[in-house]
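A.B. asks: Could you look at this predicted model? Sequence included:
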Amino acid sequence: MAEDISPRSAPFHWMQKVGRPTARPHFILQLVGVMTAIAILLPLVYLLIRAAGAGVEELWTLITRPRTLEITLNSIGLAITVTLLSALIAIPLAFLTVRTDLPGRRFWLIVTTLPLAIPTYVGSFALIAAFGPRGSILQLLLQPLGVERLPSIYGWFGATVAITLFTYPYLLISVRSALQGMDPALEEASRSLGHSSHSTFFRVTLPHLRPAIAAGGLLVALYTLQDFGTPALMRFDSFTRAIFLQYRSSFNRNLAAALALMLVLLVLAILALEYRARTKAKYYSRGSGSRQQQRRIPLGKWKGLALAFCIFITLISLVLPVGVIGFWLYRGMVSGGAGLAPFQGTLTFAFNSIYAAGLAALVSTLFALPIAILAVRFPSRFSTSLEVCSYLGFGMPGIVVALSLVYFGANYLPALYQKLPILIFAYLILFLPQSVGMVRNSLLQVSPTLEESARCLGRTSWQTIRDIVIPLVRPGIISGAMLIFLTAIKELPATLLLAPIGFRTLAIQVWLATAEDAAFSQAAAAALVILAVCTVSTLVILSQEYRQGEKNGVKSRG
């Protein structure tokens, strides 16, 4: 239910100092939040320094030329379309796998999340190999029927489909976590008042999912804006492709920095729209006391259509790219008796990837907690500014963040230049909002009255965190850490530029084997290992969500 937690009515929260009944957050929270925001703003400072090197006339010419307007509209249209399509896929999948009697519900819960483990550049190449105009699998199958060329998959359509298929799990995980945390008594009350399942979904369930949809949709939109691999392969002119081409084709990086600043402004506009669209009400649903079990909604005659929907999404977003990767690997292993040669060195690459991504997940989650707590428990202009800053890095291309850290590292921190801490710092800047969004969504479902009660019973602030808050928001913490791990293990531009000398990850191996050596079997081996590692990690997070769902009463009844 909605509950007002405005500053005037806010209870004495667990983050207050003992004996000081004030609504101000703890100093440590503010300090960590400010330090994190300053760190995230470093790439923006770099862009301002670079852009200032260009003349005003040169910058104005760049901003006002028709080509820049076209790139801006392309990027905006792509972000909007991908976010809407992801919502159309993720919300039904989340509802089917959590609230209905869908056959094989746990299986579909797993396989519909796994596309997040596939790098978008690998998935895009798989789509081109399967549906490209000439020489693709589909074109070869249709050739006996006289089909010499298929409609082009390149451009806006191909980029939209590819990014949607491999980013919708951001929204899926967020919405599914919110569904599992909802108190079923709310929906039962709606039904007892005579509302149908359809009416209850739109009047009760969907409004309670709005914060989760906003958080997941924001991640999808920002990922779309900063993705480089898919627009490059699909030959679609977005900001990231234009920035990369400007960096590569000219020794003058000032104009590229100006384009990157325009992208930052676009990210700020999206954050402003998301903030306005986000509901001001806080839907608290996790608390103490007995919980009703959530009733599985029988699909009835819609069961076949629901299964067909899950099968189609799984085939095109998971089976197809894995099949193409497997085909590359098979050809490499059988041609010339290569055997297991494509896997040479893969174990070392896997260890490096897991080590770096694991550190990134741990560090980013620790820094995300204070920002999420400030945004939810102490809403103000200050906390909103910190939350906005946390999302800026995710909207910037990895190459921009990497170049900014190369600049600051080489000039001001030479002892850390080309060391692992710089790479982890880049991951923190790029992926922090993934954890902030998940933790924030979980905190929105925890009533602050529980924390107030713990404090009244004599618990200290940190005892309340350990015994009350952390157990209740654990799904959000784990989901956020998992998202960071999955994304960091696939990150390419920042890893290429900032990884220590000799520190090759699976993502670097995939890119070098594909783009430079044309060794598709070696790229396939590394890509399959990425998928295997991410699959194991996804199973861990899903098992945690399942146990949390059972704890919250997400069971079949009757």
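C.D. replies: That came in fine, so what should we check first? Residues are numbered from 1 along each chain as shown.
A.B. asks: other SSEs contacting the one helix or strand Thr72 maps to?
C.D. replies: According to DSSP states H and E, Thr72 maps onto helix 66-99. With contacts defined as 3 or more C-beta pairs under 8 Å, 6 or more residues apart in numbering; DSSP states H and E, the packing partners of helix 66-99 are helix 105-111, helix 156-181, helix 206-226, helix 239-249, helix 254-277, helix 303-314. Just so you know, the C-beta spots here come from the backbone N, C-alpha and C atoms, and that holds for glycine as well.
A.B. asks: Mind listing what's buried along that helix?
C.D. replies: 68, 71-72, 74-76, 78-79, 81-83, 85-87, 89-99 (16 or more other C-beta atoms under 10 Å).
A.B. asks: Between the helices and strands packed on helix 66-99, which one is closest to Pro321.
C.D. replies: helix 156-181 (8.2 Å; C-beta to C-beta).
A.B. asks: That closest one vs helix 303-314, what angle?
C.D. replies: Computed with axes from the mean of the first three to the mean of the last three C-alpha atoms, to 10 degrees, the direction of helix 156-181 lies at 120 degrees from that of helix 303-314.
A.B. asks: what's helix 156-181 packed up against?
C.D. replies: By 3+ C-beta pairs under 8 Å, 6+ apart, helix 156-181 packs against helix 66-99, helix 120-131, helix 206-226, helix 229-233, helix 420-444, helix 470-490, helix 520-551.
A.B. asks: so how far is it from its chain's centroid?
C.D. replies: 9 Å (C-alpha atoms, centre = their mean, to the nearest Å).
A.B. asks: residues of it that come out buried?
C.D. replies: Taking 16+ other C-beta under 10 Å as the criterion, helix 156-181 shows 156, 158-181 as buried.
A.B. asks: what angle do that helix and helix 66-99 make?
C.D. replies: Using the same axes, to 10 degrees: helix 156-181 against helix 66-99 is 40 degrees.
A.B. asks: average pLDDT for helix 156-181?
C.D. replies: Average pLDDT, helix 156-181: 88.
A.B. asks: can you check stretch 49-66 too?
C.D. replies: Mean predicted lDDT for stretch 49-66 stands at 78.
A.B. asks: Contacts for it, please.
C.D. replies: For stretch 49-66, the surrounding residues in contact (C-beta atoms under 8 Å, 6 or more residues apart in numbering) are 68, 252-259, 261-262.
A.B. asks: in it, what's buried?
C.D. replies: Per 16+ other C-beta under 10 Å, stretch 49-66 contains these buried residues: 50-51, 54, 59, 62.
A.B. asks: And for Leu259, nearest residue in space, chain neighbours not counted?
C.D. replies: Counting by C-beta to C-beta, 6 or more residues apart in numbering, Ile243 is the residue found nearest to Leu259 once chain neighbours are left out, at 5.0 Å.
A.B. asks: before we move on, what about Leu263?
C.D. replies: Phe239 (4.4 Å).
A.B. asks: what about the one you found, neighbour count?
C.D. replies: For Phe239, the count of nearby residues is 28 (other C-beta atoms under 10 Å).
A.B. asks: Looks like it contacts Leu225 (just checking).
C.D. replies: Yes - at 6.6 Å, Phe239 and Leu225 qualify as touching, with contact defined as C-beta atoms under 8 Å.
A.B. asks: Overlap of the contact sets of the two?
C.D. replies: Joint contacts of Phe239 and Leu225 (C-beta under 8 Å, 6+ apart) are 75, 263, 266.
A.B. asks: Just give the number of residues close to Arg331.
C.D. replies: 14.
A.B. asks: Can you tell me how far the spatially closest residue to it that is not a sequence neighbour is from Ala37?
C.D. replies: Spatial nearest neighbour of Arg331, chain neighbours left out: Ser521 (6.4 Å); criterion: C-beta to C-beta, 6+ apart. Counting by C-beta to C-beta, to the nearest Å, the gap from Ser521 to Ala37 is 45 Å.
A.B. asks: which of the two has more neighbours?
C.D. replies: Ser521 (20 against 17).
A.B. asks: can I assume the more buried one is in contact with Ile325?
C.D. replies: No - contact between Ser521 and Ile325 fails when scored by C-beta under 8 Å: they sit 10.1 Å apart.
A.B. asks: rewinding a little: turn the shared contacts of Phe239 and Leu225 into JSON lines, columns for distance to Pro43 and pLDDT.
C.D. replies: Shown next, in JSON lines, are the shared contacts of Phe239 and Leu225 (distance: C-beta to C-beta, whole Å; pLDDT from 0 to 100):
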{"residue": "Ser75", "distance to Pro43": "18", "pLDDT": "91"}
{"residue": "Leu263", "distance to Pro43": "11", "pLDDT": "84"}
{"residue": "Leu266", "distance to Pro43": "15", "pLDDT": "86"}
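A.B. asks: ok, of those residues, which one's closest to Ser124?
C.D. replies: Ser75 (16.9 Å).
A.B. asks: That closest one: what's it in contact with?
C.D. replies: With contact set as C-beta under 8 Å, 6+ apart, Ser75 has these partners: 225, 238-239, 263, 266.
A.B. asks: again with Ser364
C.D. replies: Taking C-beta under 8 Å, 6+ apart as the test, what Ser364 contacts is 427-428, 431-432, 434-435, 480-481, 484.
A.B. asks: mind putting those in JSON lines, distance to Ser136 and neighbour count included?
C.D. replies: Output for these, formatted as JSON lines (distance: C-beta to C-beta, whole Å; neighbours: other C-beta atoms under 10 Å):
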{"residue": "Tyr427", "distance to Ser136": "35", "neighbour count": "28"}
{"residue": "Leu428", "distance to Ser136": "39", "neighbour count": "24"}
{"residue": "Phe431", "distance to Ser136": "33", "neighbour count": "28"}
{"residue": "Leu432", "distance to Ser136": "38", "neighbour count": "28"}
{"residue": "Gln434", "distance to Ser136": "33", "neighbour count": "34"}
{"residue": "Ser435", "distance to Ser136": "38", "neighbour count": "28"}
{"residue": "Gly480", "distance to Ser136": "38", "neighbour count": "33"}
{"residue": "Ala481", "distance to Ser136": "38", "neighbour count": "24"}
{"residue": "Ile484", "distance to Ser136": "34", "neighbour count": "28"}
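A.B. asks: so how far is Lys303 from the spatially closest residue to Pro298 that is not a sequence neighbour?
C.D. replies: Excluding the flanking residues, the one nearest Pro298 by C-beta to C-beta, 6+ apart is Asp101, at 5.4 Å. From Asp101 across to Lys303, the span is 8 Å (C-beta to C-beta).
A.B. asks: out of the helices and strands packed on helix 156-181, which comes closest to Phe503?
C.D. replies: helix 420-444 (7.1 Å).
A.B. asks: could you say what helices and strands that closest one packs with?
C.D. replies: Using 3+ C-beta pairs under 8 Å, 6+ apart, helix 420-444 sits against helix 27-40, helix 156-181, helix 206-226, helix 346-377, helix 381-395, helix 398-412, helix 470-490, helix 493-498.
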